[in-house]
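1. Sequence plus predicted model, see below.
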Amino acid sequence: MEIPPKSPDGSEKSPQSKELVTSNTASTLCISSRSESVWTSASRSKWDIYHKPVIVMSVGAAVFLFGIVITSLSCIQIKNKNVYKMCGPAFLSLGLMLLVCGLVWIPIIRKKQKQRQKSQFLQSLKSFFFNR
C-alpha cells in the first residue's frame, strides 16, 4: 500500500487534492451564482416569477381550511374530541403561517424586480457614456 507524501505545511492533503477542492469550489460558486436569469437576458413570465409564493399561499390556505374543519369537528363530534381539539389549532396556525409567508413574499419579489430593472438601466447608461 502506497502512502502519499505529506505536504510541506504539514497538512494531510496532497497538492493535487487541494487543486481538486479549489476547482470544485469554483464550479460550485459558478453554479450557485446563476440566480434568476443573470446569464440570459430573456424576460420571464409572471408565473415563472411568482409561482413559488402562489404555491405556498395555496398550500397555506388549504391547511388553514383543514384546520377550520378539524376545529369545528371538535365542537360537533363527541368521539375523539381531545384529538380534534389538539390537531385543529395546530393546522390553523400552520396554515396561517404559510399563508402569511406567501403574502409577504410577493412584495419582496416585486421590490427585487424593480431593483434589478434599475440596475440594468444604470449599467446600460454607464456603458453608453464610458465606452465612447
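-> Sure thing, it's come through. These numbers were taken from a predicted model, which means no experiment stands behind them.
2. Show me what the longest helix anywhere in the chain is packed up against.
-> The longest helix of the chain (DSSP state H) is helix 81-130. Here helix 81-130 touches helix 46-76, going by 3 or more CB pairs under 8 Å, 6 or more residues apart in numbering; DSSP states H and E. To be clear about C-beta, it is placed using only N, CA and C from the backbone, and glycine gets the same treatment.
3. The helix it packs on versus helix 81-130: what angle between them?
-> 160 degrees (axes from the mean of the first three to the mean of the last three CA atoms, to 10 degrees).
4. can you list the weak-confidence ranges in the chain?
-> 1-42, 77, 132 (pLDDT under 70).
5. can we see that at 50?
-> 27, 29-30, 32-34, 36-39 (pLDDT under 50).
6. So residue 79: helix, strand or coil?
-> coil (DSSP: H, G, I helix; E, B strand; the rest coil).
7. Tell me how many other residues surround it.
-> 6 (other CB atoms under 10 Å).
8. Which residues are in contact with it?
-> Residue 79 makes contact with no residue, according to CB atoms under 8 Å, 6 or more residues apart in numbering.
9. any idea how far residue 73 is from it?
-> Here the criterion is CB to CB, to the nearest Å. By it, residue 79 lies 10 Å from residue 73.
10. just residue 121 next, same as before
-> For residue 121, the distance to residue 73 - CB to CB - is 55 Å.
11. more neighbours, those two?
-> Per other CB under 10 Å, whichever of residue 121 and residue 73 has more neighbours is residue 73, with 16 against 10.
12. Skipping its backbone neighbours, what lies nearest that one in space?
-> residue 84 (4.9 Å; CB to CB, 6 or more residues apart in numbering).
13. who's in contact with that neighbour?
-> Contacts of residue 84 by CB under 8 Å, 6+ apart are 70, 71, 73, 74, 77.
14. What number of residues are in the vicinity of the first one?
-> Taking other CB under 10 Å as the criterion, the count of residues near residue 70 is 20.
15. was I right about it contacting residue 88?
-> Yes - counting by CB atoms under 8 Å, residue 70 touches residue 88, with 4.0 Å between them.
16. Grab the nearest non-local neighbour of residue 89.
-> Nearest non-adjacent residue to residue 89 (CB to CB, 6+ apart): residue 71, at 6.6 Å.
17. If anything else comes up later, I'll come back, but that's it for now.
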